[in-house]
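Student: below are the sequence and a predicted model for it; my questions follow.
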Amino acid sequence: MTSHTKTPVLVTGGAGYIGSHAVLALKDAGWPVAVIDDLSTGFRFAIPDGVPLYEGDVADAALLARIFAEQGTRAIMHFAGSIVVPESVADPLKYYRNNTANSRALIEAAVTAGLPHFIFSSTAATYGTPDAAPDSPGVSEDTPQRPINPYGWSKLMTEQMLADVAAAHPMNYGVLRYFNVAGADPQARSGQSTAGATHLIKVAIEAALGMRESVAVFGTDYATPDGTGVRDYIHVSDLAAAHVLTLEALIGAPSRSLTMNCGYGRGFSVLEVLDAVDRVTNRQLDRRIQGRRAGDPDSLISDSRHLRATLGWEPAHADLDTIIAHALAWERKLADLRGSA
């Protein structure tokens with residue numbers, strides 16, 4: 001696909017962690033891109049020079065209509081939303097507003113404007129606590145979706161809306177279900193910037209840099225080799241690349257929609273991750289053993305064969321130490337950004 005045929009893309013939540021990496025991937029590949037973000041959890045500095053930012057709500061129909069007209073938008077990548085599982089349990093209505101109701105408004109605006117392509121940021125949380133098939137390397141797209149918290153439900157409801165809308169209107173969609181996203185742009189142009197983040201690798205790096213006293217290990221009695229929970233960590237730039245490939249696939253086959261799990265198909269335990277952070281930072285983290293958190297499955301590993309076969313996706317950063325090194329470089333840059341603010 002040559003650059004002059006690349007369709008203009010609107011990225012919602014493009015000032016946030018994963019959205020900003022999608023913006024970088026699109027811009028690097030020559031796609032015209034604009035961002036809408038209310039900056040409630042995003043950062044202006046995450047948006048590259050030359051990318052238009054519309055500060056506002058993805059449920060604002062008048063603003064969306066103006067953006068579509070000004071930018072010639074033909075595709076949406078939808079990242080905007082709330083993502084903290086315990087918060088979703090404590091404040092479910094926030095999640096059903098931010099993730100479900102606002103997505104409904106955005107999809108309606110896209111249908112009204114005749115936009116043909118929609119890519120949705122979903123999550124492995126839609127599977128709840130899955131039982132992987134014995135002959136499978138992990139959780140496949142056919143695994144039953146049984147969310148165990150409002151966050152997972154809020155995302156699953158949006159998946160269902162997209163399926164129903166695509167059946168009724170000339171729109172195709174891509175649903176990407178993320179496993180554990182980690183790391184940062186290899187050139188340190190963006191990364192995980194949210195204060196008080198709960199992601200293990202970011203928490204561990206903050207501890208290694210002296211920003212936290214210790215790292216909590218929630219549970220050591222899981223049915224895993226070392227007793228701690230096992231997760232499939234995917235580098236955020238590999239995930240962003242999958243979004244660009246998904247967009248190309250949707251444009252190339254307008255009658256086909258895609259649903260794909262995004263992970264590497266291998267897992268690391270909490271202790272293995274902390275050992276890797278020790279290794280990369282040359283520090284010894286203070287680990288504090290605590291009880292299990294409610295709803296945490298023993299192991300959550302993606303079967304990513306569908307993603308690889310459908311898109312020809314091959315990860316460029318599928319190495320735990322590389323993920324941690326990129327996250328570390330970003331954390332140091334972020335400290336400088338905050339220091340100069």
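Tutor: Cool, the structure landed. Numbers count the residues shown, from 1 in each chain.

Student: contacting residues for Val111?
Tutor: Residues in contact with Val111, defined by Cβ atoms under 8 Å, 6 or more residues apart in numbering, are 165, 169, 171. Where C-beta positions appear, they are placed from N, C-alpha and C, glycine not excepted.

Student: what's the distance between Tyr222 and Leu274?
Tutor: Distance check for Tyr222 against Leu274: by Cβ to Cβ, to the nearest Å, it reads 15 Å.

Student: swap in His21?
Tutor: His21 is 24 Å from Leu274, by Cβ to Cβ.

Student: ok, now Pro86?
Tutor: For Pro86 relative to Leu274 (Cβ to Cβ), the value is 21 Å.

Student: of the two, which one has the most company?
Tutor: Leu274 (23 against 13; other Cβ atoms under 10 Å).

Student: so who does that one touch?
Tutor: 204, 215, 217, 285, 287.

Student: highest neighbour count among those residues?
Tutor: Ala204 leads these on contacts (other Cβ under 10 Å) with 26 neighbours.

Student: name the SS class of it, please.
Tutor: For Ala204, the assignment made with DSSP: H, G, I helix; E, B strand; the rest coil gives helix.

Student: check contacts around it.
Tutor: Applying Cβ under 8 Å, 6+ apart, the residues contacting Ala204 are 215, 273-274, 277, 285.

Student: highest neighbour count among the contacts of Val111?
Tutor: Met171 (21 neighbours).

Student: sorry, back to before: now the contacts of Ala204 as TSV including distance to Asn99 and secondary structure?
Tutor: Listed next are these as TSV, based on distance: Cβ to Cβ, whole Å; DSSP: H, G, I helix; E, B strand; the rest coil:
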residue	distance to Asn99	secondary structure
Val215	29	strand
Val273	27	helix
Leu274	31	helix
Val277	31	helix
Leu285	33	coil
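
Student: now the strands for the stretch 1-150 of the chain?
Tutor: 9-12, 33-37, 53-55, 75-78, 117-123 (DSSP state E, counting those that start in this stretch).

Student: which one of those strands lies nearest to Arg177?
Tutor: Closest of the strands of the stretch 1-150 of the chain to Arg177 is strand 117-123, at 4.7 Å (criterion: Cβ to Cβ).

Student: before we move on, back to that, got CSV for the strands of the stretch 1-150 of the chain, with mean pLDDT, mean neighbour count and distance to Gly183 too?
Tutor: Below are the strands of the stretch 1-150 of the chain laid out as CSV (pLDDT from 0 to 100; neighbours: other Cβ atoms under 10 Å; distance: least, Cβ to Cβ, whole Å):
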stretch, mean pLDDT, mean neighbour count, distance to Gly183
strand 9-12, 98, 27, 19
strand 33-37, 98, 26, 21
strand 53-55, 98, 17, 24
strand 75-78, 98, 26, 19
strand 117-123, 98, 25, 17
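
Student: looking at those strands, which is nearest to His306?
Tutor: strand 117-123 (14.0 Å).

Student: packing partners for that closest one?
Tutor: Strand 117-123 sits against strand 75-78, helix 102-113, helix 150-168, strand 172-178, helix 236-252, with contacts defined as 3 or more Cβ pairs under 8 Å, 6 or more residues apart in numbering; DSSP states H and E.

Student: deepest-packed of the ones you listed, please.
Tutor: Neighbour counts (mean count of other Cβ atoms under 10 Å) averaged over each of those peak at strand 75-78, with a mean of 26.

Student: distance of Val89 relative to Val175?
Tutor: Val89 is 23 Å from Val175, by Cβ to Cβ.

Student: what's the answer for Gly14, then?
Tutor: From Gly14 to Val175 the distance is 19 Å (Cβ to Cβ).
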